[in-house]
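>>> I would like the atomic coordinates for the input below:
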Amino acid sequence: MTPLLTCKDFLKELSDYLDECVDAEVRSKLEQHISECPNCWVITDTTRKTIQIYKGMDPYPIPSDVESRLMKALERKMAAKQR
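A predicted model of the protein is given here:
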């Protein structure tokens with residue numbers, strides 16, 4: 001018997017599942033989990049709809065001061081992880 005897929009396992013595969021980058025066996029397990037788990041179904045459905053909305057939008061440039069602050073914050077975060 002195949003072990004049950006946990007929600008944590010499902011979420012690890014969600015991006016590849018939505019990008020259709022998983023093999024047929026994994027896809028089958030993920031779809032079975034979605035059909036049995038209302039919470040993961042909602043996450044999948046909401047994420048899929050969000051992606052569709054954003055794909056239809058034109059890029060919006062980030063103001064330079066926001067980009068600068070974001071990059072500094074990311075650099076600090078990466079430096080802290082390396083310690």
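>>> Show the low-confidence segments of the chain, by residue range.
Applying pLDDT under 70 to the chain flags the ranges 1-3.
>>> Could you look up the SS state of the residue nearest to the spatial centre of the chain?
For the chain, S15 is the residue whose C-alpha lies nearest the centre (Cα atoms, centre = their mean; 4.3 Å). Here S15 is recorded as helix under DSSP: H, G, I helix; E, B strand; the rest coil.
>>> Pull the contacting residues for it.
Under the criterion of Cβ atoms under 8 Å, 6 or more residues apart in numbering, S15 has no neighbours. For every residue, glycine as well, the C-beta is placed using N, CA and C.
>>> For the host helix or strand of S35, name the packing helices and strands.
Using DSSP states H and E, the element containing S35 is helix 24-36. Applying 3 or more Cβ pairs under 8 Å, 6 or more residues apart in numbering; DSSP states H and E, we find helix 24-36 packed against helix 7-18, helix 38-55.
>>> Check which residues of that helix are buried.
K29, L30, H33, I34 (16 or more other Cβ atoms under 10 Å).
>>> What are the contacting residues of it?
In contact with helix 24-36 (Cβ under 8 Å, 6+ apart) are residues T2, L5, C7, F10, E13, Y17, V22, C40, W41, T44.
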